[in-house]
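Visitor: A predicted structure for the sequence below; I have some questions about it.
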Amino acid sequence: MLPVDSKALRTALGRFTTGVTIVTCRDALGQPVGLTANSFNALSLDPPLVLWSLRIASPSLPAFQAASHFAVNVLTEAQVGLSRRFASGAEDRFAEGGWSDGAGRAPVLAGCAAVFECSLHSQQTAGDHVLFIGQVLQMHEAALPPLVFQAGHYRLLGEIL
């Protein structure tokens, strides 16, 4: 069996359409930390668990590893600018958007398609990422068109005819 080329794997995985989220927490000094992630999934209904993953090389990793709570903010089509902002190296990422404190003071963004406020259930290193599993404490949802990502580009959903 030939080894899998990481660039080819990334391209193939990019064919799978995902939602776009901003995952947030507070660091040890109480400062908000957040980043754009599309590695979010449902895990269990009973108990209510979700998961997401973060590269080990991410400078935000220590904050999320130490945080007792995090929030997964599922973005809408109208929030593509915030997605780009939180994917960049912008200094004060939280200067834009309507932010409030959720469970465990994890920042929650107004106007999302859904928000999952979680306590950290567990974390596990897997390859070059850390998987974060959260128990959903509170959630909010709205019938708004979600922002999606596929093949390296943001996409809009159309109606099925």
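Guide: Cool, got the structure.
Visitor: For the closest residue in space to Ala103 that isn't next to it in sequence, which residues are in contact?
Guide: Excluding its sequence neighbours, the residue lying closest to Ala103 (C-beta to C-beta, 6 or more residues apart in numbering) is Glu117, at 3.9 Å. To be clear about C-beta, it is placed using only N, CA and C from the backbone, and glycine gets the same treatment. Residues near Glu117 by C-beta atoms under 8 Å, 6 or more residues apart in numbering: 69, 71, 102-104, 106, 108, 136-139.
Visitor: switch the cut-off to 7 Å
Guide: For Glu117, the contact set (C-beta atoms under 7 Å, 6 or more residues apart in numbering) comprises 71, 102-103, 106, 108, 137-139.
Visitor: Check Ser58 too.
Guide: Contact partners of Ser58, counting by C-beta under 7 Å, 6+ apart, are absent.
Visitor: Next, Cys112: phi, psi?
Guide: For Cys112, the backbone dihedrals are phi -80, psi 160 (criterion: degrees, to the nearest 10).
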